[in-house]
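K.L.:
From the sequence below, what's the structure:
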Amino acid sequence: QLQLVESGGGLVQPGGSLRLSCAASGFTLDYTLGWFRQAPGKEREGVSCITNFGGTTNYAESVKGRFTISRDNNKNTVYLQMNSLKPEDTAVYYCAAKLGVFRRCPVDGMDYWGKGTLVTVSS
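P.N.:
Numbers count the residues shown, from 1 in each chain. Have a look, this model is predicted:
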């Protein structure tokens, strides 16, 4: 059982930056890791995904060029650097893990989920 705990959310003005972290209780090298988000009244959507050694990453079109996913397997942690934030980025952000090596992180196919951290982009 892998436990995931997100941190780093908060209130930020449009154009600002935040860095989310997700610490895992166990060894993450066996897992593909992803970030997802769910805005009020909307379905959960994928934001970004990174393979086990970080060789492959992908991003939702809405965040390309603004968000960067990375991982530190020595610290069992995955990060999401979010720049040029927009009000439409407001959501609860979740990290999730899928055992194995996958180029995509399907929202309905992840094995473990964190409880989320709220990001609010507002002036």
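K.L.:
mind checking the SS state of the most centrally placed residue in the chain?
P.N.:
Centroid-nearest residue in the chain: Trp35, 2.2 Å away (criterion: CA atoms, centre = their mean). Per DSSP: H, G, I helix; E, B strand; the rest coil, the secondary structure class of Trp35 is strand.
K.L.:
cool, and Glu88?
P.N.:
When classified by three-state DSSP, Glu88 comes out as helix.
K.L.:
For it, give its distance to Leu20.
P.N.:
Glu88 sits 17 Å away from Leu20, going by CB to CB, to the nearest Å. Where you see a C-beta, it was placed from the backbone N, CA and C, and this is true even at glycine.
K.L.:
quick one: which of those two has more around it?
P.N.:
Using other CB atoms under 10 Å as the criterion, Glu88 and Leu20 rank with Leu20 on top: 24 against 10.
K.L.:
And the pLDDT at the more buried one?
P.N.:
Reported pLDDT at Leu20 in the predicted model: 98.
K.L.:
Now do the same contact list for it.
P.N.:
Residues near Leu20 by CB atoms under 8 Å, 6 or more residues apart in numbering: 6-9, 35, 79-80, 82, 93, 95, 117, 119.
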